[in-house]
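Q: Predicted structure and sequence below. I'll ask about it afterward.
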Amino acid sequence: MVKLIWMSDLHFLAGDKTVAGHDPRIRLGAAVEHIGQHHSDARYCVISGDLVNEGNAADYRALKSHLNKLNIECLLMVGNHDDRGELGKVFERPYGAMPGFWQYYKPLDGGLFVFLDTLKPGFSAGEMCGERMAWLRDVLVANDHLPSYIFMHHPPMPLGLPMQDEIGLEQGAEFLSLIADFPNVKHLFLGHVHRPVAGSVGGVPFATMRSVLYQAPAPKPDWNWGTFAPAHEAPAYGVVQIESGNVTLQYTKFCQFELGYSPLR
């Protein structure tokens, strides 16, 4: 069995700044403490993008000092708030990463875990250019005997979240057409939307993850980016367990919604 911790959308900042009224240092500190108390046996911690909020080296350095307390190897990914160059000044590039991108894979206990780079610099929406698509196809062809699990920041399909659906993966249809050729793709793990959504697309199950920092409101009542305010919902991380090709995901609340430091025991 493979056990992973899955965090997403940390939007971390150094210093004393907040994001949408939420303190990213308090939130991540509570998550790290909770994981250390209850899930220190996890093999890896996957963080599926928007590691920091402003994409600068100072924030990545501060983030690294917090993640060092986790005592679990972190598999980092980029989101639309990240900067590949600044990230690479602080964190070591993943072994075997695709040149020019933060995109890589890791065979693990009879499965293949693929971590995609959907960053389109300067845009909230994501992209999978021809180079990245070709890399993914080559990896899946070479490992078509392994059950494969794909992590990516931007969802490639509409989720019934009108505001977030506008800024998903621009080449979503092409991506879904590509993976349709590979029945060994068993699950998609998606970030970006700051809400829990699960379902299937083309017969492939998918799940999104809550943000470690703040949650987007539900689609009803209607809202837009001009009226956006974080939902009064507690953050969570995921506990992913995979065995014999079967996936279990537990959404795990680690602190209360209130902005003070109130970790759950």
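A: Received the coordinates, thanks.
Q: Find me the pLDDT at the spatially most central residue of the chain, would you?
A: Most central in the chain under C-alpha atoms, centre = their mean is residue 48, positioned 1.9 Å from the mean C-alpha point. Listed pLDDT for residue 48 reads 98.
Q: Break down the protein into its helices, ranges please.
A: Assigned helices in the chain, in chain order: 24-38, 57-67, 84-90, 130-142, 162-165, 172-179 (criterion: DSSP state H).
Q: for the shortest one, which positions count as buried?
A: Read it as helix 162-165. Within helix 162-165, the residues scored as buried using 16 or more other C-beta atoms under 10 Å are residue 164. Using the backbone N, CA and C atoms, a C-beta is placed for each residue, glycine as well.
Q: Can you name the residues in contact with that helix?
A: Applying C-beta atoms under 8 Å, 6 or more residues apart in numbering, the external contacts of helix 162-165 come out as 155, 158-159, 192-195, 216, 219, 222-225, 228.
Q: okay, now residue 123: neighbour count?
A: In terms of burial, residue 123 registers 11 neighbours under the definition other C-beta atoms under 10 Å.
Q: Actually, residue 15.
A: Residue 15 has 9 neighbours, counted by other C-beta under 10 Å.
Q: for residue 80, same thing?
A: If you count neighbours by other C-beta under 10 Å, residue 80 ends up with 21.
Q: Please report how far it lies from residue 67.
A: 20 Å (C-beta to C-beta, to the nearest Å).
Q: about what we covered before: which one, of the helices of the chain, ends up nearest to residue 238?
A: Minimum separation from residue 238 across the helices of the chain (C-beta to C-beta) falls at helix 24-38, 10.9 Å.
Q: re the thing from before, who wins on neighbours among the contacts of helix 162-165?
A: The residue in these with the most neighbours, by other C-beta under 10 Å, is residue 192 (30 neighbours).
Q: need the contact list for it.
A: Contacts were defined as C-beta under 8 Å, 6+ apart; by that measure residue 192 touches 8-9, 49-50, 79-80, 126, 153-155, 164, 167-168, 208.
Q: at 7 Å instead, please
A: Contacts here follow C-beta atoms under 7 Å, 6 or more residues apart in numbering; on that basis residue 192 touches 9, 49, 79, 153, 154, 155, 164.
Q: Would you confirm that the fifth one contacts residue 120?
A: No - counting by C-beta atoms under 7 Å, residue 154 does not reach residue 120; the two are 8.6 Å apart.
Q: Of these two, which one has the most company?
A: Using other C-beta under 10 Å as the criterion, residue 154 and residue 120 rank with residue 154 on top: 29 against 16.
Q: Let me see the contact set for that one.
A: If you count contacts by C-beta under 7 Å, 6+ apart, residue 154 has them with 118, 125, 126, 168, 169, 192.
Q: Without its sequence neighbours, what residue ends up closest to it?
A: If the residues on either side of it in the chain are set aside, residue 154 comes closest to residue 126, at 2.9 Å by C-beta to C-beta, 6 or more residues apart in numbering.
Q: what about residue 212, neighbour count?
A: 26.
Q: so it makes contact with residue 235?
A: Yes - counting by C-beta under 7 Å, residue 212 does reach residue 235; the two are 5.3 Å apart.
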